[in-house]
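Undergrad: need a structure here:
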Amino acid sequence: MTNITILGAGFAALRTIRELRRRKVAADITVVAPSDVFVYLPSLIWVPAGLRGEDQLTVPLADFFAAHRVTFHCARVEGVGDDGRTVATSAGVVRNDALVIASGGRFIRKLPGIEHAIVPCEGLAGARTIGERLAALDSGTIAMGFASNPQEPSAMRGGPMFEFLFGIETLLRRQGRRDRFRLIFFNPAAQPGARLGPRAVSGLLGEMTRRGIATHLGHKPLRFEAQKVVTEGGEIAADLILFMPGMTGPAWLDGTTLPRSPGGFVQADGTCRVPGLQRVYVAGDAGSFPGPDWMPKQAHQADLHARAVAANLAAELRGDEASVRFKPELICIVDTLESGMLVYRSPRANLALPGLRPLHWVKRAFERHYLGSIRRCR
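TA: Residues are numbered from 1 along each chain as shown. Presented below is the predicted three-dimensional model:
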């Protein structure tokens, strides 16, 4: 029987599985990943405030895999060969008739001294550490910022950094100790978050002003020290540093001949297919896709990639042409622990709604819906 191998167990991987089965694709599906536990990364922003814990944000995938007839291969990917037909892993070689790369990207940890900064979106451990460090501080300066991949500027995690910034300000205010802390946001761009659209940038900067958050914008970070951020435009003394570097492709790509973008990601066309290879697709953070410069690659957009991947694979396995193109779309709620700013962007529209209290609960409701669907194996 035809075997489809999927690398990764995140948003793009799970959506690909769901869509393949919804389309009645009867092929064997093998998932290769180092863990069969799904972590809902968008809600890491609530961990420092104690609104979420590990049990609430993780879902073991054994039941999901069983319900969708998936074989789980617990291993780290080490390489891809034979034009995509073989995957070298830490637990042996996995062969396939079709390959979906959904293994995510990785943060670029090249800035000197980056070990002095916490990278919030790397996982639960980092988010917990932020909460612990905040609790241990009686007063001080907290510096928070993000950067992009200079070879692929769209490869960044700006949205969550704004959420950590506003969330920490809200938490300190709720605790009655906001007046003892200086919060400063730094970014190499003069207009951070530009891909969200001009109205969103204006709203974000206005929110910083309203909350008394200082800014250090338009200056490239050069290095970090134990209590200092050094940029081209000066230094920021800090007792706690949160920094989200730009992203690049997974490290195992270095040992392959897969076509890559200048930023180090797997190159894809508008159907999510890897050019020049048969039945090899990429979805989510591991890929570089054609489209507008504001287009994200994670979460909702990864789901949209996966829908296209499944439709095209199903077509190819029937002997038809793979012609379904993914839809570029940005939808996010920038949360503050008490309200949220809704941002929507497509090739035809750009909307930014100001901070509204109900949007915080909408974001929590979507988390509950998404995790519930995995637990119910849907």
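Undergrad: outline the domain layout of this protein.
TA: According to automatic domain parsing, the chain comprises the domains 3-34+75-105+249-317, 113-247.
Undergrad: closest one to H68 among these?
TA: Closest approach to H68 among those (C-beta to C-beta): domain 3-34+75-105+249-317, 5.2 Å. Yep, even glycine has a C-beta here, placed from its N, CA and C like the rest.
Undergrad: buried ones in stretch 317-329?
TA: L317, A322, V324, F326, P328, E329 (16 or more other C-beta atoms under 10 Å).
Undergrad: quick check, the fourth one in a strand?
TA: No - secondary structure of F326, determined by DSSP: H, G, I helix; E, B strand; the rest coil: coil, with no strand assignment.
Undergrad: pLDDT of stretch 144-152, averaged?
TA: Summarised as a single mean, pLDDT over stretch 144-152 is 93.
Undergrad: oh, that last question was meant for stretch 108-122, not what I typed.
TA: For stretch 108-122, the per-residue pLDDT averages 94.
Undergrad: next: stretch 39-52.
TA: Per-residue pLDDT over stretch 39-52 has a mean of 96.
Undergrad: ok, residues contacting it?
TA: Outside stretch 39-52, the residues within contact range by C-beta atoms under 8 Å, 6 or more residues apart in numbering are 53, 56-59, 120-121, 123-124, 126-128, 130-131, 134, 160, 163-164, 167-168, 170-171, 299, 335, 337, 367, 370-371.
Undergrad: how long is that stretch from one end to the other?
TA: 12 Å (C-alpha to C-alpha, to the nearest Å).
Undergrad: quick one: buried residues of it?
TA: Y40, L41, P42, S43, L44, I45, W46, V47, P48, A49, R52.
Undergrad: just the closest of those residues to L258, please.
TA: For the buried residues of stretch 39-52, the nearest to L258 is L41 (24.8 Å; C-beta to C-beta).
Undergrad: number of residues surrounding W252?
TA: By other C-beta atoms under 10 Å, the residues close to W252 number 18.
Undergrad: residue contacts, the closest residue to it other than its chain neighbours?
TA: Once flanking residues are discounted, W252 sits nearest to V77: 5.0 Å by C-beta to C-beta, 6 or more residues apart in numbering. The contact partners of V77, by C-beta under 8 Å, 6+ apart, come to L7, V32, V87, A88, T89, S103, P250, W252.
Undergrad: list the contacts for the fourth one?
TA: Listed by C-beta under 8 Å, 6+ apart, the contact set of A88 reads V77, E78, G79, V80, G81.
Undergrad: which of the contacts of stretch 39-52 are buried?
TA: Neighbour counting by 16+ other C-beta under 10 Å classes 57, 59, 120-121, 124, 126-127, 130, 134, 160, 163-164, 167-168, 170-171, 299, 335, 337, 367, 370-371 among the contacts of stretch 39-52 as buried.
Undergrad: returning to that earlier point: per-residue confidence at the residue nearest to W252?
TA: For V77, pLDDT reads 97.
Undergrad: bridge partners for it, pull those for me.
TA: Here V77 sits in beta bridges with T89, going by DSSP bridges.
Undergrad: buried stuff in the helix or strand bottoming out on mean pLDDT in the chain?
TA: Lowest by mean pLDDT, DSSP states H and E among the helices and strands of the chain is strand 350-356, with a mean of 91. Neighbour counts over strand 350-356 (16+ other C-beta under 10 Å) mark N350, A352, G355 as buried.
Undergrad: make CSV from these and add distance to L313 to it.
TA: As requested, the buried residues of strand 350-356 are arranged in CSV below (distance: C-beta to C-beta, whole Å):
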residue, distance to L313
N350, 32
A352, 36
G355, 41
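Undergrad: so which of the buried residues of stretch 317-329 comes closest to A12?
TA: Closest to A12, out of all of these and judged by C-beta to C-beta, is F326, at 10.9 Å.
Undergrad: how much space between that closest one and T58?
TA: 28 Å (C-beta to C-beta, to the nearest Å).
Undergrad: over to the spatially most central residue of the chain. Which of the three states is it?
TA: Among the residues of the chain, the one closest to the centroid is Q298, at 4.5 Å (C-alpha atoms, centre = their mean). Put simply, Q298 is coil when judged by three-state DSSP.
Undergrad: of the buried ones among the contacts of stretch 39-52, which belong to strands?
TA: Mapping the buried ones among the contacts of stretch 39-52 onto strands (DSSP state E) picks out V59, D335.
Undergrad: from the buried ones among the contacts of stretch 39-52, which ones fall inside helices?
TA: Members of the buried ones among the contacts of stretch 39-52 lying in helices (criterion: DSSP state H): 57, 124, 126-127, 130, 134, 160, 163-164, 167-168, 170-171, 367, 370-371.
Undergrad: re earlier: who's in contact with the residue nearest to the centre of the chain?
TA: Contacts of Q298 by C-beta under 8 Å, 6+ apart are F11, R157, G284, D285.
Undergrad: take those and write them to TSV, including secondary structure and neighbour count.
TA: Listed next are those as TSV, based on DSSP: H, G, I helix; E, B strand; the rest coil; neighbours: other C-beta atoms under 10 Å:
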residue	secondary structure	neighbour count
F11	helix	26
R157	coil	22
G284	helix	31
D285	helix	28
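Undergrad: which residue ranges of this protein form helices?
TA: Using DSSP H, helices in the chain cover 11-22, 54-57, 62-67, 124-136, 158-174, 198-210, 300-317, 357-375.
Undergrad: of those, which is nearest P188?
TA: helix 158-174 (11.5 Å).
Undergrad: pLDDT (mean, whole number) over that closest one?
TA: 96.
Undergrad: what does it contact?
TA: 42, 44-46, 48-49, 120-121, 130, 134, 142, 144-146, 178, 181, 183, 185, 192-193, 195-196, 204, 207-208, 211, 213, 242, 244, 332, 334-338.
Undergrad: go with 7 Å
TA: With C-beta atoms under 7 Å, 6 or more residues apart in numbering as the test, helix 158-174 has contacts from 45, 48-49, 120-121, 134, 142, 144-146, 178, 181, 183, 185, 192-193, 204, 207, 211, 213, 242, 244, 332, 334-338.
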